[in-house]
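S.K.: only geometry, no sequence info:
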Ligand SMILES: Cc1cc2nc3c(=O)[nH]c(=O)nc-3n(C[C@H](O)[C@H](O)[C@H](O)COP(=O)(O)O)c2cc1C
């Protein structure tokens, strides 16, 4: 067997040693200076006897045991393994460097806390640190602007958008889903640049690279069989890709229990390779995240116009979503989900959400 040090390692100094982290495996291990020395000897694929030759002070059994534990924590990759294939894909396709990879892969599949836990943490913060000012106020001499709501239909509609997590037990319609998809991703024109044709839509896309695909998780959509569908902006169509199991929506949004009352969810998945093709600067990663916000906002506004609420969520089970959708490439990633439903609003919600008359 040949082996090699993982390319996905970062190190932080700790008491008398390093803490190492493999961002593709999301594994953490303690690493002494000696271990670090060993890892540097494995920069290239190395056969076990060649490693033994380099470390005459250790027995074959000792080295074997060390290598085995290094493989188990993802520090060393065994040739031909699934980890080796993933590392190879990473080095061949990820062109935005280590810091961006560290950020991207570290936030995949992270566990999320419950609403009760999040509230406890906030109460504790408020008690220990105090509350935080969420706006920068202007002084008395600031120029007062005209009333933005008066006779402004679009702005008034936009002001009605709210995240309402409780849903009425009624279907959304295929037409409503269709409107939401089209407003977020539908193609409204084409443009030509120096090398080819680029799609244009209602939402801006950095360099016109169109990194997003949308998937519809239909639990209760009138006019659409229950299932998971891919939306093609090319011809504004849906194609079935998978069944939808009970509990899928909640589990895909990090276990947030309100998910399964929702009749429908749109999941936006980035194909980062499309943007990487043009932009080598890792800033393009930010561009992709910003684009999700544009698409999401259009979906939310059209949902609002249809009398629905679209609840955005960035808490995702990325691996499970990719499995369901059959997305295999390392540069493809679920980024943002929006559930669609008729809102279940009571007096408390209306007050809290600022939608009282
Ligand atoms: C990027 C992003 C991620 C969000 N993720 C979650 C989430 O995981 N769970 C959730 O309940 N709400 C999530 N929200 C919704 C916000 O909590 C919500 O927008 C906020 O409470 C303000 O309410 P409003 O949307 O009615 O203005 C997210 C919103 C944004 C913009």
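M.R.: That came in fine, so what should we check first? Computed from a predicted model, the values in this text were never measured in an experiment.

S.K.: those helices in the stretch 201-350 of the chain, which residues are they?
M.R.: 248-252, 272-278, 283-305, 318-325, 347-352 (DSSP state H, counting those that start in this stretch).

S.K.: including distance to residue 204, mean pLDDT and mean neighbour count, could those helices go into CSV?
M.R.: In this view, the C-beta of every residue, glycine as well, is placed from N, C-alpha and C. Shown next, in CSV, are the helices of the stretch 201-350 of the chain (distance: least, CB to CB, whole Å; pLDDT from 0 to 100; neighbours: other CB atoms under 10 Å):
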stretch, distance to residue 204, mean pLDDT, mean neighbour count
helix 248-252, 27, 97, 20
helix 272-278, 13, 98, 19
helix 283-305, 6, 98, 19
helix 318-325, 25, 98, 17
helix 347-352, 32, 53, 11
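
S.K.: for residue 337, find the nearest of the ones you listed.
M.R.: helix 248-252 (7.0 Å; CB to CB).

S.K.: what sits opposite residue 338 in the beta ladder?
M.R.: Residue 338 forms beta bridges with residue 266, residue 312, as assigned by DSSP bridges.

S.K.: circling back: of the helices of the stretch 201-350 of the chain, which approaches the ligand most closely?
M.R.: With CB to the nearest ligand atom as the measure, helix 283-305 is the member of these nearest the ligand (6.9 Å).

S.K.: stretch 88-104: how far from the chain's middle?
M.R.: Distance, stretch centre to chain centre, for stretch 88-104: 15 Å (CA atoms, centre = their mean, to the nearest Å).

S.K.: same question for stretch 314-330.
M.R.: On the basis of CA atoms, centre = their mean, stretch 314-330 sits 9 Å off its chain's mean C-alpha point.

S.K.: now residue 333. Nearest residue, chain neighbours left out?
M.R.: For residue 333, ignoring the flanking residues on the chain, the nearest one in space by CB to CB, 6 or more residues apart in numbering is residue 270 at 5.3 Å.

S.K.: how far away is that neighbour from residue 6?
M.R.: From residue 270 over to residue 6 the distance is 24 Å, taken as CB to CB, to the nearest Å.

S.K.: with residue 13 instead?
M.R.: Distance from residue 13 to residue 6, by CB to CB: 19 Å.

S.K.: of the two, who's got more company?
M.R.: Under the neighbour definition other CB atoms under 10 Å, residue 13 and residue 6 were set side by side, and residue 6 has more, 25 against 8.

S.K.: my guess is that one contacts residue 75, does it?
M.R.: Yes - between residue 6 and residue 75 there is a contact under CB atoms under 8 Å: 6.0 Å.

S.K.: overlap of the contact sets of the two?
M.R.: Taking CB atoms under 8 Å, 6 or more residues apart in numbering as the contact rule, residue 6 and residue 75 both touch residue 22.

S.K.: make sure residue 307 is actually in contact with residue 342.
M.R.: Yes - the pair residue 307 / residue 342 is scored as a contact, 6.7 Å apart, by CB under 8 Å.

S.K.: number of residues surrounding residue 162?
M.R.: By other CB under 10 Å, the residues close to residue 162 number 18.

S.K.: with residue 53 instead?
M.R.: Neighbourhood size, residue 53 [other CB under 10 Å]: 10.

S.K.: what about it, which SS state?
M.R.: Here residue 53 is recorded as helix under DSSP: H, G, I helix; E, B strand; the rest coil.

S.K.: distance of it relative to residue 65?
M.R.: In this view, residue 53 and residue 65 are 18 Å apart by CB to CB.

S.K.: list phi and psi for residue 219.
M.R.: The phi/psi pair for residue 219 (degrees, to the nearest 10) reads phi -100, psi -40.

S.K.: how about the contacts made by it?
M.R.: With CB under 8 Å, 6+ apart, residue 219 has these contacts: 226, 244, 249, 260, 262-265.

S.K.: go again with 10 Å.
M.R.: 171-172, 226-227, 244, 246, 248-249, 259-265, 339, 341 (CB atoms under 10 Å, 6 or more residues apart in numbering).

S.K.: of these, buried ones?
M.R.: Buried members of these, counted by 16 or more other CB atoms under 10 Å: 171-172, 227, 244, 248-249, 259-265, 339, 341.
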